[in-house]
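1. got a structure for you, letters missing:
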Ligand code: 0RQ
């Protein structure tokens, strides 16, 4: 034990997770590492959950604020939510127990653009950060940390927290050292300078996280894998969506609006996104690049087949097979992958400069192109906006994709009026379902409605949508974005097949 802790001061601070959890008190705000199931602390959160349960059992209050990079895993969000130990969660979650508590009104949740989180904490908008709990691959002799499979907000947490707890996870590959690029050039307004990334692979920082040794109160040794969920093999719906996108991109190249190597791709996680990446591999594209949040299996295929030259992200998000492959090929991948802090991976300035092609999922889109990514029926949170807003608003090309129906065909993804809006009509250029693609660019609201209903809605919902739109166009009220407000939010009834 201790081989991965080259700094003697920090070696002397090794203790168990249960001992370290005693450092945390009721009401504290804790910044934890972790992004899409990668690089989150594996031991401290569960020890903290046990401590909270014990305190609750003797009638003492104990709840904390949990701030992360993005979603984590059952050992973090799940364990703390089950213990009813989270008072405030931010900025993104996808855990079923968390979601249930938030929607039951038992837990507060702030859903933030992922690029905003670091600066909001620096600006002082979110309150004081008491403790940072950070997973590292190793601690170097000078006390700096080799990050693990995600960086997220770790730099901000380490810089701002009063106390630091480090988990050194010997399961993470030592060869990750050198893959990260931690940028220390950010400043607060009015002292900001341009971020000098001119192409996706540019390295502008250092490979490790700086850590003030005097703040470290505990070091915990762990040996546990990231939570990696497997992808379903692409189904017919995902394949169809991917097919429409590939055809569209090919068309854009032929019109001279995209170079043959495309522009840096951002792709969300999930089956559809994975199918699109697989489709890009088959579509004959070469020299691809990616400026994105997470590297998933489909992107690994592109990198290793030589179709993609370089990928920039803040985290890996791989299946168990993908994670194994990543380790096997890490020497090749080290030259092609850059992991950054999430304020930089999702930075509006860089996304705009590079001209990213953004591809994200949606829950519902209305006939005018407003997109809801986060809420079911306007009031229940699903996951959160994540990075979709960072990318969609600033992209060169902003694509949203979804099956045309949800819940076994009973719910239409295209609706008269979105019950919640994350991406306004101004941030949405293309919507794709398995039925087809709607290129909304250069069209007025009424023109967009016709294209969306015709190209993207499922046939069982098309008559109801067309009927609503035609009646809205004749109804009293403005003729720019016609609506019948009294019925705009009523669930659509599918036509019998
Ligand atoms: O729930 O499995 O319980 O049935 O929503 O839907 O169709 O499996 O699609 O996994 O791509 O998720 C928007 C949620 C789509 C996701 C969203 C239900 C549906 C299912 C999932 P069940 P699908 P996906 C970069 C960008 C925000 C964050 C983001 C998301 C579940 O893409 O969280 O974009 N996006 N980050 O049944 C009721 C509807 C519904 C519905 C879907 N209209 N009504 N339920 N569902 N539509 C991310 C990174 O790079 C990390």
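-> Structure received. Model, not experiment: these values are computed from the prediction.
2. for the protein, name the helix or strand with the lowest mean pLDDT.
-> helix 271-282 (a mean of 86; mean pLDDT, DSSP states H and E).
3. got the contact list for the helix or strand just after that one?
-> The helix or strand immediately downstream of helix 271-282 is strand 288-291, counting by DSSP states H and E. The contact list for strand 288-291 (Cβ atoms under 8 Å, 6 or more residues apart in numbering) reads 199-201, 261-267, 280, 299, 302, 307-313, 345, 350-351, 354, 356. C-betas here are computed from N, CA, C, even on glycine.
4. of those residues, which belong to helices?
-> Residues of these located in helices (DSSP state H): 280, 299, 302, 345, 350, 351, 354.
5. can I assume the second one is in contact with residue 312?
-> No. At 11.0 Å, residue 299 and residue 312 do not qualify as touching, with contact defined as Cβ atoms under 8 Å.
6. what is in contact with the two at once?
-> 290, 292.
7. report the beta-bridge partners for whatever residue of the stretch 351-497 of the chain ends up closest to the ligand.
-> Residue nearest to the ligand within the stretch 351-497 of the chain: residue 361 (2.6 Å; Cβ to the nearest ligand atom). Per DSSP bridges, the residues bridged to residue 361 are residue 401.
8. how many other residues sit next to it?
-> By other Cβ atoms under 10 Å, 20 other residues sit near residue 361.
9. who's in contact with it?
-> Neighbouring residues of residue 361 by Cβ under 8 Å, 6+ apart: 268, 270, 272, 273, 373, 388, 400, 401, 402.
10. also residue 203?
-> Residue 203 makes contacts with 181, 338, as judged by Cβ under 8 Å, 6+ apart.
11. what about it, which SS state?
-> Here residue 203 is recorded as coil under DSSP: H, G, I helix; E, B strand; the rest coil.
12. near the ligand, which residues of this structure show up?
-> Residues of the chain lying close to the ligand (Cβ under 6 Å from any ligand atom) are 36, 268-270, 272, 293-294, 360-364, 373, 376, 382-383, 385-388, 403, 406-407, 411, 413.
13. show me which of these are buried.
-> When the residues of the chain next to the ligand are checked for burial by 16 or more other Cβ atoms under 10 Å, the buried set is 36, 268-269, 272, 293-294, 360-364, 373, 376, 383, 385-388, 403, 411, 413.
14. so the residue of the stretch 101-250 of the chain found nearest the ligand: helix, strand or coil?
-> Closest residue of the stretch 101-250 of the chain to the ligand, Cβ to the nearest ligand atom: residue 114 (8.2 Å). Here residue 114 is recorded as coil under three-state DSSP.
15. okay, now it: neighbour count?
-> 27.
16. strands of the stretch 251-400 of the chain, start to end?
-> Ranges of strands in the stretch 251-400 of the chain, per DSSP state E, counting those that start in this stretch, are 265-267, 288-291, 294-295, 308-313, 315-316, 337-340, 357-361, 364-366, 371-372, 375-376, 380-381, 397-401.
17. just put those strands in JSON lines and tack on mean pLDDT.
-> Formatted as JSON lines, these follow (pLDDT from 0 to 100):
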{"stretch": "strand 265-267", "mean pLDDT": "96"}
{"stretch": "strand 288-291", "mean pLDDT": "98"}
{"stretch": "strand 294-295", "mean pLDDT": "96"}
{"stretch": "strand 308-313", "mean pLDDT": "98"}
{"stretch": "strand 315-316", "mean pLDDT": "97"}
{"stretch": "strand 337-340", "mean pLDDT": "98"}
{"stretch": "strand 357-361", "mean pLDDT": "97"}
{"stretch": "strand 364-366", "mean pLDDT": "98"}
{"stretch": "strand 371-372", "mean pLDDT": "98"}
{"stretch": "strand 375-376", "mean pLDDT": "98"}
{"stretch": "strand 380-381", "mean pLDDT": "98"}
{"stretch": "strand 397-401", "mean pLDDT": "98"}
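18. so which of those is the most surrounded?
-> Comparing the strands of the stretch 251-400 of the chain by mean neighbour count (mean count of other Cβ atoms under 10 Å), strand 315-316 comes out on top with a mean of 30.
19. I'd say residue 67 and residue 29 touch.
-> Yes. Contact criterion Cβ under 8 Å: residue 67 and residue 29 qualify, at 6.5 Å.
20. neighbour count: these two, which is higher?
-> residue 67 (27 against 19).
21. quick one: the closest residue to that one other than its chain neighbours from residue 272, how far?
-> Distances taken as Cβ to Cβ, 6 or more residues apart in numbering put residue 31 closest to residue 67, at 4.7 Å, once the chain neighbours are dropped. Here residue 31 is placed at a distance of 32 Å from residue 272 (Cβ to Cβ, to the nearest Å).
22. and the residue of the stretch 1-150 of the chain found nearest the ligand, backbone torsions?
-> Per Cβ to the nearest ligand atom, residue 36 is where the stretch 1-150 of the chain lies closest to the ligand, at 5.0 Å. In terms of degrees, to the nearest 10, the main-chain angles of residue 36 are phi 40, psi 50.
23. contact partners for the spatially closest residue to it that is not a sequence neighbour?
-> In space, and not counting its chain neighbours, residue 36 is closest to residue 317: 4.2 Å by Cβ to Cβ, 6+ apart. Shown in contact with residue 317 (Cβ under 8 Å, 6+ apart): 35, 36, 37, 38, 228, 269, 294, 295, 296.
24. the closest residue to residue 261 other than its chain neighbours: what's it in contact with?
-> Using Cβ to Cβ, 6+ apart and skipping the chain neighbours, the partner closest in space to residue 261 is residue 287 (3.7 Å). By Cβ under 8 Å, 6+ apart, residue 287 lies in contact with 260, 261, 307, 309.
25. center of the chain - which residue?
-> Nearest to the geometric centre of the chain sits residue 386, at 4.4 Å (Cα atoms, centre = their mean).
26. what helix or strand is the nearest residue to that one once chain neighbours are set aside on?
-> Excluding its sequence neighbours, the residue lying closest to residue 386 (Cβ to Cβ, 6+ apart) is residue 92, at 5.1 Å. Using DSSP H and E, residue 92 sits within no helix or strand.
27. isn't there a helix covering residue 240?
-> Yes. Assessed with three-state DSSP, residue 240 lies in a helix.
28. please look at it and residue 432 and confirm they touch.
-> No. When contacts are counted by Cβ under 8 Å, residue 240 is not listed as touching residue 432 (9.2 Å).
29. between those two, tell me which one has more neighbours.
-> residue 432 (27 against 20).
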